[in-house]
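Q: Below is the sequence, then the predicted model.
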Amino acid sequence: MASEYERHLAAVIAKGMAVMCFRNTPIEDFHDRTAPVTHTGDFSDVVVIDANGRRIPWREVSHISQEEMRDLMRQVVNRLYTCQLYAGDPDFFGILSWAVAEARPWDEPELDEGMLKSLESRRKRGLEEGD
C-alpha cells in the first residue's frame, strides 16, 4: 500500500501530466465549439438534424470524428512519451512545476475503478495460469 506521501506525490504528478499532456491539445478545440442550449439540463431536449434529415438525440451524436480522435490520441501519446523520456531532466522539471501550479485548484484524483478491476482480473488469471 502506498504511503500518504506517495499518494500525494502521485496526485501532484498526475495533475501536472494532465496539464502537460492533455490540455492545449485538440481537446481545447472541441471544448471551444458552440454548445447547444438545454432547458432540461441533461440535453434530452436537444436534437441534431443531419444532412439526410435524420433527427438524432444530442446524447447519441458523435461529438468527435475518427480523424479528430486519432489526432488527439497521437498528440497525447507523444506528450506522455516525451514526459517519460525527459522526466529526469532539470529543465523538464521546471515545466512540470509550472503544470503542477496550473492544476493546483483541480479536484484531487481518485483511483480509477475500471483500471483496478482490470488489474484484479489479470491477477486472478495469472494465478489460475500458474496453478
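A: In hand now; what should we look at? Residues are numbered from 1 along each chain as shown.

Q: who's in contact with the lengthiest helix in the chain?
A: Looking across the chain with DSSP state H, the single longest helix is helix 66-86. Under the contact criterion Cβ atoms under 8 Å, 6 or more residues apart in numbering, helix 66-86 has outside partners 17, 20, 21, 22, 25, 26, 27, 30, 64, 92, 96. C-beta: built from backbone N, CA, C; applies to glycine.

Q: got the contact list for the fifth one?
A: With contacts defined as Cβ under 8 Å, 6+ apart, residue 25 is in contact with 72, 75, 76, 79.

Q: Tell me how many other residues surround the third one.
A: Residue 76 has 16 neighbouring residues, counting by other Cβ atoms under 10 Å.

Q: Dump the longest helix of the chain to CSV, keeping only the CA atoms.
A: Provided in CSV are the C-alpha atoms of helix 66-86 (Å, rounded to 0.1, in the frame of the first residue of the first chain):
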residue,chain,number,x,y,z
GLN,A,66,-12.5,9.3,-36.0
GLU,A,67,-9.8,11.5,-37.5
GLU,A,68,-10.1,14.0,-34.7
MET,A,69,-9.8,11.2,-32.1
ARG,A,70,-6.8,9.8,-33.9
ASP,A,71,-5.1,13.2,-33.9
LEU,A,72,-5.9,13.8,-30.3
MET,A,73,-4.6,10.4,-29.1
ARG,A,74,-1.5,10.7,-31.2
GLN,A,75,-0.6,14.1,-29.6
VAL,A,76,-1.4,12.8,-26.1
VAL,A,77,0.7,9.7,-26.6
ASN,A,78,3.6,11.8,-27.9
ARG,A,79,3.4,14.1,-24.9
LEU,A,80,3.3,11.2,-22.5
TYR,A,81,6.2,9.6,-24.2
THR,A,82,8.2,12.8,-24.1
CYS,A,83,7.4,13.2,-20.3
GLN,A,84,8.6,9.7,-19.6
LEU,A,85,11.9,10.2,-21.5
TYR,A,86,12.7,13.6,-20.0
